[in-house]
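# need a structure here:
(chains A and B)
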Amino acid sequence: MSAAFEAEGLVKRFGATTALDGVDLRAERGTVLGVLGPNGAGKTTAIRVLATLLRPDAGRAAVDGVDVCRDPVAVRRRIGLTGQYATVDEDLTGAENLVLFGRLLDLPTPEARARAARLLDRFGLADAGARRASTYSGGMRRRLDLAASLVGSPSVLFLDEPTTGLDPGRREDLWQTIRSLADDGTTVLLTTQYLEEADALADEITVIDDGRVIAHDTPAGLKQQVGGQTVVVRPRDPAQVGTAAGVVARATGQDVAPPRGGAVTASVDDERAFAAVVRGLEDADVAVTELALRLPGLDEVFFALTDGQRTAPREEP
Amino acid sequence: MTTTATTAPTAPAYRVGTTPARRWPLARHSLALARRALVKTRRNPGELADAVILPVVFLVLFVYLFGGAVAGSTQEYLQYLFPGILVLTTVLTGQVATGLSIVQDMKRGVFDRFRSMPVPRAAMLLGSVLADAVHYVIALAVLFGVGYALGFRVETGLLPALAACGLAIVLGFSLCWLTVLVAVLLRDEIMVSTVGFLLPFPLVFGTGLAAPVETMPGWLQAWAGVNPVSRAIEASQGLLLGGPVAGPVTATLLWSAAFLAVFGTAAVVAYRRVV
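Okay, the predicted model is just below:
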């Protein structure tokens, strides 16, 4: 099967900053690729190259087999893009936005209107279609934005941190929508800062950091690599963080990330280690305010993938 | 989900067939984007205020401040001044708005969406400028209304008066590509409003707009002699009040074609490089 999109050795520099330093990305048709990484890792730059908004300094990228540098216009007929910030015109109504995008995609006006109506309906915006986008709530804007990127029925959809700034309930709704798009056969590239999100949506996950791919695997494989689950221990008395760290290290047999914000975190391969942590804390007489087992956060993913060289993603402008 | 499993091998037809190209993309996309700009104007009519009010302010100010001194009577001066203010309307006051709308669009999120669609780059600029041409029409209509209320009268006829308006719009449309070029290169609202406002000043005022050229110092007369806007004002005077028309109109049209070719091309080239 040929790839829906494919990038090899992408390099992009902005002055002295290297945003992409040889990134490979690939997804089969009808699958969801999650691109996981911190702010400044190069996720948005990679999307902008694939969406023909930026030309790479080196490497090649193709959508549906069409090279993004050689025939950007043909690529633009095949893709939909939803950026990190609302990419709709706030002075226009929801319906006017969608009709305009339809016309710019060369749809005949009646067809553009019909598609706008269908999309508004599908995204629960039918009642708000005649209102200006500036009056929409954050969640409604996100949905309008996603609807806008679907006007051309794209075969590949780029979603740049689509759930950033959404409250949890809205996030679940959007996840559901993204899943249904993939079920319909659309190939999706989704960037995110949350392993949980990539795990929930993606068929494969590429982890990038500092412009480089540091891991590529299925969600199951990646969770295996980073140690499946993370145990979180927050002692009631912050002075006992060191003791707690010792207990967790003994019980799990794993390196423990340096405590942050008064909490100790460590990856656990199996759930029995969790019981050992509980017993160990009791024996050491450490009272806790938080004791949990959850999917690793981005910092723990990085701690595991970089062999402890990186404990937390750096913040970059 | 069983339906998904059975239909998965053959993808739905709608997404394999990508949106087909249609003819005249530049014209159709420019018009679609011009419509968008006009809808925005209708929703924010305040953005039109500058373009509409400023020419009227100039007209009233000049007539009542200088009319008596320059022409002996405000009424005679109004007749002299009005054709020049007509040209000023399109050459001066539309420019800032043109530059600003382009800079603002380039900074908005919706711009990324346009760029990720099969829209010719030139259409994004042309759409904005075409909408401004509609603004010119509105500004000229208001100017004529105020002029007539003050006592200005066309001395030729309806057709020459419409031709004068058309000529002013053509010149404004061509010259505004210079502002577009500046906007694309600077990409900063404050810089663009300053440059867009000041740049046309020597063009508009280094002419016989407000006073006969013969009364000016030599260097200014020399500038007025070569200034293309001088020709446009002469043409406007000829078309509204009578007098020689063919020469100045031809000169204005030729200058407009030159502006459009040079600045229009440069703006589109610069824009393609930026985006």
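# residue ranges for the strands of the stretch 201-317 of chain A, please.
For the stretch 201-317 of chain A, the strands defined by DSSP state E, counting those that start in this stretch occupy A:204-209, A:212-217, A:229-235, A:257-260, A:263-268, A:288-294.
# worst average pLDDT in the ones you listed?
Lowest mean pLDDT of these: strand A:257-260, a mean of 76.
# now the strands of the stretch 201-317 of chain A as JSON lines including mean neighbour count?
Using the backbone N, CA and C atoms, a C-beta is placed for each residue, glycine as well. Shown next, in JSON lines, are the strands of the stretch 201-317 of chain A (neighbours: other Cβ atoms under 10 Å in any protein chain shown):
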{"stretch": "strand A:204-209", "mean neighbour count": "24"}
{"stretch": "strand A:212-217", "mean neighbour count": "17"}
{"stretch": "strand A:229-235", "mean neighbour count": "23"}
{"stretch": "strand A:257-260", "mean neighbour count": "17"}
{"stretch": "strand A:263-268", "mean neighbour count": "23"}
{"stretch": "strand A:288-294", "mean neighbour count": "14"}
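# I'd like those strands as CSV, with distance to chain B appended.
Listed next are the strands of the stretch 201-317 of chain A as CSV, based on distance: least, Cβ to the nearest Cβ, whole Å:
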stretch, distance to chain B
strand A:204-209, 17
strand A:212-217, 23
strand A:229-235, 28
strand A:257-260, 33
strand A:263-268, 33
strand A:288-294, 28
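# Looking at these, which is nearest to B:Thr41?
With Cβ to Cβ as the criterion, B:Thr41 lies closest to strand A:204-209 of those, at 43.1 Å.
# got the CA coordinates for the closest one in CSV?
Taking C-alpha atoms only, strand A:204-209 is exported to CSV below (Å, rounded to 0.1, in the frame of the first residue of the first chain):
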residue,chain,number,x,y,z
GLU,A,204,1.3,4.9,15.1
ILE,A,205,3.2,7.5,17.0
THR,A,206,6.3,9.4,16.1
VAL,A,207,8.0,11.2,18.9
ILE,A,208,10.1,14.2,18.0
ASP,A,209,12.3,16.4,20.0
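# that older thread, present the strands of the stretch 201-317 of chain A as CSV; the columns should include distance to B:Thr41.
Formatted as CSV, the strands of the stretch 201-317 of chain A follow (distance: least, Cβ to Cβ, whole Å):
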stretch, distance to B:Thr41
strand A:204-209, 43
strand A:212-217, 47
strand A:229-235, 54
strand A:257-260, 52
strand A:263-268, 55
strand A:288-294, 52
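# max-length helix in chain A?
Of all the segments of type helix in chain A, defined by DSSP state H, the longest one is helix A:168-183.
# That helix and chain B in contact?
Yes - Helix A:168-183 reaches chain B (Cβ under 8 Å from any Cβ of the partner chain) through A:Asp183.
# Now the strand or helix carrying B:Gly166: buried residues?
Following DSSP states H and E, one finds B:Gly166 within helix B:158-186. For helix B:158-186, a neighbour-count test (16 or more other Cβ atoms under 10 Å in any protein chain shown) marks B:160-161, B:163-165, B:167-186 as buried.
# any idea which helix or strand comes after it?
Next along the chain from helix B:158-186, counting by DSSP H and E, comes helix B:189-198.
# Report the rounded mean pLDDT for that following helix.
Taken as a whole, helix B:189-198 has a mean pLDDT of 88.
# Contacts only, for the residue lying closest to B:Ala71 once chain neighbours are set aside.
Of all residues not flanking B:Ala71 in the chain, B:Tyr77 sits nearest, at 3.8 Å (Cβ to Cβ, 6 or more residues apart in numbering or on different chains). By Cβ atoms under 8 Å, 6 or more residues apart in numbering or on different chains, B:Tyr77 lies in contact with B:Phe62, B:Val63, B:Phe66, B:Gly67, B:Gly68, B:Val70, B:Ala71.
# One more: A:Gln193?
So A:Gln193 contacts A:Leu36, A:Gly37, A:Pro38, A:Asn39, A:Glu161, A:Thr164, A:Leu298 (Cβ under 8 Å, 6+ apart).
# Distance-wise, check the first one relative to B:Asp132.
In this structure, A:Leu36 lies at 45 Å from B:Asp132, with Cβ to Cβ, to the nearest Å as the measure.
# Setting aside sequence neighbours, what's the nearest residue to A:Gly165?
The shortest distance from A:Gly165 to any non-neighbouring residue, by Cβ to Cβ, 6+ apart, is to A:Gly138 (5.9 Å).
# I'd assumed A:Thr18 was in a strand, is it?
Yes - counting by DSSP: H, G, I helix; E, B strand; the rest coil, A:Thr18 is found in a strand.
# Could you count how many residues lie near it?
Residues within reach of A:Thr18, counting by other Cβ atoms under 10 Å in any protein chain shown, total 17.
# try B:Trp219
Neighbour count for B:Trp219, taken as other Cβ under 10 Å: 9.
# Let me see the mean pLDDT of the helix or strand hosting it.
Assigned by DSSP H and E, B:Trp219 falls within helix B:218-226. Summarised as a single mean, pLDDT over helix B:218-226 is 92.
# What residues sit buried inside it?
Applying a neighbour-count criterion of 16+ other Cβ under 10 Å, one finds B:Leu220, B:Trp223, B:Ala224 buried in helix B:218-226.
# you'd agree B:Met117 is up against A:Asp106?
No - taking contacts as Cβ atoms under 8 Å, B:Met117 lies outside contact range of A:Asp106: 9.5 Å.
# number of nearby residues for the closest residue to B:Gly225 other than its chain neighbours?
Leaving aside its chain neighbours, B:Gly225 sits nearest to B:Val213 (7.7 Å; criterion: Cβ to Cβ, 6+ apart). For B:Val213, the count of nearby residues is 17 (other Cβ under 10 Å).
# surely B:Val213 meets B:Trp223?
No - B:Val213 is beyond contact range of B:Trp223, at 9.6 Å (criterion: Cβ under 8 Å).
# would you say B:Val91 is within a helix?
Yes - judged by three-state DSSP, B:Val91 forms part of a helix.
# so it makes contact with B:Leu175?
Yes - at 5.8 Å, B:Val91 and B:Leu175 qualify as touching, with contact defined as Cβ under 8 Å.
# hey, what's in contact with both of the two?
Shared contacts of B:Val91 and B:Leu175 (Cβ under 8 Å, 6+ apart): B:Pro200, B:Leu203.
# Could you give the number of residues near A:Thr45?
Neighbours around A:Thr45, by other Cβ under 10 Å: 24.
# How about A:Asp269?
The number of residues packed near A:Asp269 is 13, by other Cβ under 10 Å.
# Angles on the backbone of it, please.
With angles defined as degrees, to the nearest 10, A:Asp269 sits at phi -80, psi -40.
# picking that back up, please identify which of B:Met117 and A:Asp106 sits among more neighbours.
Neighbours per residue, other Cβ under 10 Å: of B:Met117 and A:Asp106, the larger number sits with B:Met117, 24 against 21.
# Per-residue confidence, the closest residue to the more buried one other than its chain neighbours, what does it come out as?
For B:Met117, ignoring the flanking residues on the chain, the nearest one in space by Cβ to Cβ, 6+ apart is A:Leu104 at 5.1 Å. We have a pLDDT of 93 for A:Leu104.
# Out of the strands of the stretch 201-317 of chain A, which gets nearest to B:Leu209?
Here strand A:204-209 is closest among the strands of the stretch 201-317 of chain A (Cβ to Cβ), at 60.9 Å.
# in its sheet, what does the closest one sit against?
With DSSP bridges as the test, strand A:204-209 is paired with strand A:32-36 (parallel), strand A:212-217 (antiparallel).
# you'd agree A:Pro154 is up against A:Val75?
No - contact between A:Pro154 and A:Val75 fails when scored by Cβ under 8 Å: they sit 10.3 Å apart.
# and chain A, which of its residues are near chain B?
A:29-30, A:51-53, A:73-74, A:76-79, A:81, A:83, A:85-89, A:91-92, A:96, A:100-101, A:103-107, A:132, A:148-149, A:152-155, A:183-186.
# for the stretch 1-150 of chain B, which spans come out with low pLDDT?
By pLDDT under 70, the low-scoring segments of the stretch 1-150 of chain B are B:1-20.
# which stretches of chain A form helices?
According to DSSP H, the helices that chain A contains are A:43-50, A:72-76, A:94-104, A:109-122, A:138-148, A:168-183, A:195-201, A:219-225, A:241-252, A:272-283, A:298-305.
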